[in-house]
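Student: Quick check, what structure comes out for this input:
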Amino acid sequence: MIRAICIAIVFATAGTQGAATPCVSPTFDVPFPDATDVTSRVIDLPSSAFPAFWQEGLLDGYAYQVFANATGRLRGGARDQPWVIEVTCDVSSETCEFTQKGNPPKQATAVAERIGKCLVPTLAIDDALPVPPEKAPQPSDSGLELSLDRSVEEEPMPCGLAMTDELTDVATLQRLLVLLGEDPGPVDGFLGARSFAAMEAYVSNPGWETPISDLISELSERHCAGLR
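Tutor: Next up, the predicted model:
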């Protein structure tokens, strides 16, 4: 019997995105930009289900996988309400299709688009609504030009809780830690050793008696203060 052999290579630093090849390189041995816990794999007997090269890790706290057949997968959320976003790209037509299963948070959609942009660097993703052309000022009956007030009040930049859309309080806490530059591990709604280590800088009492709701409020305020 012939067995497929997988070779795992673990990276600690991010790579550089190329212009014509996937941002993880043709052999998927360059870590996805800003990803953590990155592992690249190669199999000696590739198939349609298992391409020769693929990579997996954590991206903004979500578990991702990218494959050499221009497909990818993003998972996350609380374990009792799982979700997944499948990314299927066509390199020849420079397009990607995003299929959601379950109810992923809004932030996950943007991360999935980053996966598509990695697999197809020329992919154009623009969710902005079209801006109607401005109308030229029209002369008034008296022959004087109308004065148009084009001043627009800028909306404040979203921050803290406004940038989270998680399913549980613990997952919200983990997402805020990610926004603050900490590494709580997967945003899965379960507090593990990495989540506790990431909270050390924000917990004043050694007995961990601070309610989760108070920690969420404090982390949200710190994130907003850092953006002002």
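
Student: Okay, strands next: where are they in the chain?
Tutor: For the chain, the strands defined by DSSP state E cover 6-11, 36-43, 53-59, 62-67, 71-76, 83-90, 95-101.

Student: how deep is the residue lying closest to Cys159 once chain neighbours are set aside tucked in, by neighbour count?
Tutor: In space, and not counting its chain neighbours, Cys159 is closest to Cys224: 3.9 Å by C-beta to C-beta, 6 or more residues apart in numbering. Glycine gets a C-beta too; all of them are placed from N, C-alpha and C. Residues lying near Cys224 (other C-beta atoms under 10 Å) number 17.

Student: likewise Thr168?
Tutor: Count around Thr168 with other C-beta under 10 Å applied: 18.

Student: What does the pLDDT read for the residue nearest to Cys159?
Tutor: pLDDT for Cys224: 87.

Student: Same check on Pro139?
Tutor: The model's pLDDT for Pro139 equals 50.

Student: Next: Cys89.
Tutor: As summarised for this prediction, Cys89 has a pLDDT of 93.

Student: Assess the claim that it and Pro121 are in contact.
Tutor: No: if you go by C-beta atoms under 8 Å, Cys89 and Pro121 don't touch, sitting 10.7 Å apart.

Student: ok, these two, which is more surrounded?
Tutor: Ranked by neighbour count (other C-beta under 10 Å), Cys89 and Pro121 place Cys89 first, with 24 against 16.

Student: beta partners for the more buried one?
Tutor: Cys96 (DSSP bridges).

Student: quick one: contacts for the residue lying closest to Asp60 once chain neighbours are set aside?
Tutor: Of all residues not flanking Asp60 in the chain, Val111 sits nearest, at 5.3 Å (C-beta to C-beta, 6+ apart). Neighbouring residues of Val111 by C-beta atoms under 8 Å, 6 or more residues apart in numbering: 59-60, 62, 64, 74.

Student: Would you quantify the distance from Val111 to Arg222?
Tutor: Using C-beta to C-beta, to the nearest Å, Val111 is found at 23 Å from Arg222.

Student: do Leu119 as well
Tutor: From Leu119 to Arg222 the distance is 35 Å (C-beta to C-beta).

Student: And the two? Which one has more around it.
Tutor: In this view Leu119 and Arg222 are compared by other C-beta under 10 Å, and Leu119 has more residues nearby, 25 against 16.

Student: my read: the more buried one touches Gly72, true?
Tutor: Yes: using C-beta under 8 Å, Leu119 is in contact with Gly72, at 6.2 Å.

Student: what sits in contact with each of these two?
Tutor: 66, 87, 89.

Student: Let me know the closest of the residues you listed to Leu180.
Tutor: Val66 (26.4 Å; C-beta to C-beta).

Student: mind listing what the closest one touches?
Tutor: Counted by C-beta under 8 Å, 6+ apart, Val66 has contacts 22, 24, 28, 32, 54-56, 72, 115, 118-119.

Student: if I look at it, how far off is Ala35?
Tutor: Going from Val66 to Ala35 by C-beta to C-beta gives 10 Å.
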